[in-house]
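Trainee: I'll drop the sequence and a predicted model, then ask my questions.
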Amino acid sequence: MVDFNLQPGVRLHVKPTSRFHVNRIQVNFATPQTVDNPASRNLLANLLETSTAKYPTQTAFAKALNHLYGADASASVGRIGYAHTLRVRAEAVDDRFAQPGVFASLVEILYQMIFCPLIKDGAFDEATFKTQRQNVVNELASIKENKQYYAAWQLDRLYYDQSSLMRIPSYGRLKDLEKITPSSLVSTYHDMLDHDQVDIFVYGNVDPQMVFDLFSHWPLKPRQSPLPQDVCYRQPFHHRVRELTEHQDVNQAKLNLAYHFPVFYRDENYYAALVMNGILGGTPYSKLFANVREKASLAYYASSQLRLFSSHLAIQTGIDAQNRFQAQQLIEAQVKAVQAGDFTEMVMQEVKDALINQYQTGLDAPGGIVEHWLVDCMSNHLPAENVVESLQQVSHDQVAKLAQKLQLQAVYFLDGEE
């Protein structure tokens with residue numbers, strides 16, 4: 001990997017490889033999340049990926065991409081700990097398989113998206129703005145209809161302290177979206193361009209110096225990174241378990257639990273945490289899958305997910321409402337079993353093999369590689385080395401001891417019965 005500082009606070013990362021037939025570029029803008037910026041930045045991403053001054057309609061933009069042998073370009077938002085990220089990405093076939101100049105043209109497409117949006121008289125184009133805002137409104141409104149996603153979001157809200165910005169989803173809230181105007185969004189846009197930490201990732205069959213020459217002319221001002229050195233959210237343990245039950249018209253109840261778990265991305269316990277989660281509920285070999293879903297038939301699905309930038313682990317299940325307490329007892333019993341070291345070496349190896357396969361599969365596409373790269377960059381880590389060896393070296397005792405850090409903090413139940 002070759003790294004360049006284009007300006008203070010603006011970095012270019014280039015990884016030359018001939019492994020794939022495509023080249024991938026991703027421009028990441030990062031700033032601390034606030035109360036209001038998730039909604040505005042989400043809408044901004046939608047506008048940036050829809051049209052530009054040069055390509056004022058989705059049809060014109062699509063034609064420009066199609067001329068680059070079916071190139072793809074998009075924008076989205078996300079969150080890595082405290083860091084709210086707006087990601088603009090593009091991918092096209094390598095010049096070897098098309099014609100010279102495709103990569104340079106792809107960079108130009110990104111330039112148009114980022115620096116030449118469809119702005120007139122200090123405001124985003126009114127018609128395009130209204131269309132995209134309605135699209136985002138529809139997306140946010142539809143979240144409540146996806147009960148599994150909705151329950152996961154409600155568990156997060158329950159887990160995080162009332163004053164925590166982490167309670168606000170990275171895509172924003174409807175009430176914040178309603179306040180945004182075409183002119184106020186231009187302010188959001190300029191604030192992003194002028195103040196966000198910028199990381200440009202290029203992965204493909206490219207010459208680093210050529211890439212530097214293409215990006216060195218981008219009009220990005222010097223800036224001091226607004227991000228803290230540590231972007232992880234560290235919530236203290238609370239002795240009182242927070243509980244919330246909601247009643248909605250649902251066919252399948254949702255029972256979700258959140259555990260305080262002070263292990264963070266790439267710290268000394270990172271690989272043991274991956275294995276522990278795989279044994280508990282993160283793989284098909286897990287206790288939640290085998291005992292809660294299969295043997296006891298108490299859940300339609302049961303899994304666990306690590307939240308390595310926000311100090312917790314979440315368990316999600318879909319159950320019949322009348323089995324709520326029986327299911328919760330059995331879920332908590334699985335946690336205690338892992339804490340007690342009640343799992344075989346064979347299961348632990350199956351979990352390790354599954355994690356290794358998952359990791360290697362993620363390296364089979366440029367997009368997955370760049371996402372790993374982005375997370376490392378945001379958390380100030382070098383790209384991981386010896387991942388397979390690190391997973392294989394995790395011991396039975398390490399997993400059991402680490403699981404003892406799990407402490408129940410929140411229980412959310414979505415019930416269809418009054």
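Mentor: Nice, thanks for sending it over.
Trainee: quick one: the strands in the stretch 1-150 of the chain?
Mentor: In the stretch 1-150 of the chain, the segments counted as strands under DSSP state E, counting those that start in this stretch are 2-7, 10-16, 22-32, 72-80, 83-93, 119-120, 123-124.
Trainee: now swap in the stretch 201-350 of the chain and tell me
Mentor: Read by DSSP E, counting those that start in this stretch, the stretch 201-350 of the chain holds these strands, from start to end of the chain: 242-247, 253-260, 301-307, 312-319.
Trainee: list the contacts of the residue nearest to T245 when sequence neighbours are not counted.
Mentor: On the basis of Cβ to Cβ, 6 or more residues apart in numbering, the spatially nearest residue to T245 that is not a chain neighbour turns out to be F413, at 4.5 Å. Glycine gets a C-beta too; all of them are placed from N, C-alpha and C. Listed by Cβ atoms under 8 Å, 6 or more residues apart in numbering, the contact partners of F413 are 243-246, 253-256, 324.
Trainee: which among those end up buried?
Mentor: Neighbour-count burial (16 or more other Cβ atoms under 10 Å) is assigned, among the contacts of F413, to 253-256, 324.
Trainee: of these, closest to V388?
Mentor: Distance ranking of the buried ones among the contacts of F413 against V388, using Cβ to Cβ, places N256 first at 32.0 Å.
Trainee: surely that closest one and Y412 touch.
Mentor: Yes: with contacts counted by Cβ atoms under 8 Å, N256 reaches Y412, the gap being 4.7 Å.
Trainee: could you list the domains of this structure?
Mentor: Following automatic domain parsing, one gets these domains for the chain: 2-215, 242-415.
Trainee: format those domains as TSV; extra columns: distance to C232 and mean pLDDT.
Mentor: Compiled in TSV, the domains of the chain are given as follows (distance: least, Cβ to Cβ, whole Å; pLDDT from 0 to 100):
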stretch	distance to C232	mean pLDDT
domain 2-215	5	97
domain 242-415	5	97
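Trainee: can I get these in TSV including distance to P226?
Mentor: Supplementary listing: the domains of the chain in TSV, determined by distance: least, Cβ to Cβ, whole Å:
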stretch	distance to P226
domain 2-215	5
domain 242-415	12
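Trainee: what comes up buried for stretch 45-58?
Mentor: Judged by neighbour count (16+ other Cβ under 10 Å), stretch 45-58 contains these buried residues: 45-52, 55-56.
Trainee: quick one, helices of the stretch 251-400 of the chain?
Mentor: With DSSP state H, counting those that start in this stretch as the definition, the stretch 251-400 of the chain shows helices at residue ranges 270-277, 287, 324-339, 345-362, 366-378, 387-392, 396-403.
Trainee: that older thread, make JSON lines out of the strands of the stretch 1-150 of the chain and add mean neighbour count and distance to A299.
Mentor: Formatted as JSON lines, the entries for the strands of the stretch 1-150 of the chain read as follows, by neighbours: other Cβ atoms under 10 Å; distance: least, Cβ to Cβ, whole Å:
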{"stretch": "strand 2-7", "mean neighbour count": "14", "distance to A299": "46"}
{"stretch": "strand 10-16", "mean neighbour count": "20", "distance to A299": "42"}
{"stretch": "strand 22-32", "mean neighbour count": "23", "distance to A299": "37"}
{"stretch": "strand 72-80", "mean neighbour count": "20", "distance to A299": "28"}
{"stretch": "strand 83-93", "mean neighbour count": "22", "distance to A299": "33"}
{"stretch": "strand 119-120", "mean neighbour count": "14", "distance to A299": "50"}
{"stretch": "strand 123-124", "mean neighbour count": "20", "distance to A299": "46"}
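Trainee: so which of these comes closest to Y171?
Mentor: Nearest to Y171 among those is strand 72-80; the distance by Cβ to Cβ comes to 6.2 Å.
Trainee: work out the gap between the closest one and the centre of the chain.
Mentor: Once both centres are worked out by Cα atoms, centre = their mean, to the nearest Å, strand 72-80 turns out to sit 9 Å from its chain's centre.
Trainee: that strand pairs with which strands?
Mentor: strand 83-93 (antiparallel) (DSSP bridges).
Trainee: now do the strand it pairs with: distance to the chain's middle.
Mentor: A distance of 12 Å separates the centroid of the chain from that of strand 83-93, by Cα atoms, centre = their mean.
Trainee: got it, and stretch 309-323?
Mentor: Put simply, stretch 309-323 sits 19 Å off its chain's centre (Cα atoms, centre = their mean).
Trainee: now do stretch 333-341
Mentor: For stretch 333-341, the distance between its averaged C-alpha position and the chain's averaged C-alpha position is 29 Å (Cα atoms, centre = their mean).
Trainee: ok, and what's touching it?
Mentor: Taking Cβ under 8 Å, 6+ apart as the rule, stretch 333-341 contacts 259, 276, 279-281, 287-288, 291-292, 343, 396-397, 399-400, 403-404, 406.
Trainee: likewise for stretch 131-143?
Mentor: Residues lying outside stretch 131-143 but in contact with it, judged by Cβ under 8 Å, 6+ apart, are 39, 42-43, 46-47, 50, 149-150, 153, 171-174, 177, 180.
Trainee: which one of the contacts of F413 is nearest to Q392?
Mentor: Closest approach between those and Q392, by Cβ to Cβ: N256, at 31.7 Å.
Trainee: okay, stretch 256-264 in PDB with CA atoms only?
Mentor: Taking Å, rounded to 0.1, in the frame of the first residue of the first chain, the C-alpha atoms of stretch 256-264 are listed here in PDB:
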ATOM      1  CA  ASN A 256     -33.700  -8.800  21.800                       C
ATOM      2  CA  LEU A 257     -31.000  -8.500  24.500                       C
ATOM      3  CA  ALA A 258     -28.000  -6.200  24.800                       C
ATOM      4  CA  TYR A 259     -25.000  -7.000  26.900                       C
ATOM      5  CA  HIS A 260     -22.300  -4.600  28.100                       C
ATOM      6  CA  PHE A 261     -19.000  -5.900  26.500                       C
ATOM      7  CA  PRO A 262     -16.000  -3.600  26.800                       C
ATOM      8  CA  VAL A 263     -14.000  -5.100  23.900                       C
ATOM      9  CA  PHE A 264     -13.100  -3.000  20.900                       C
END
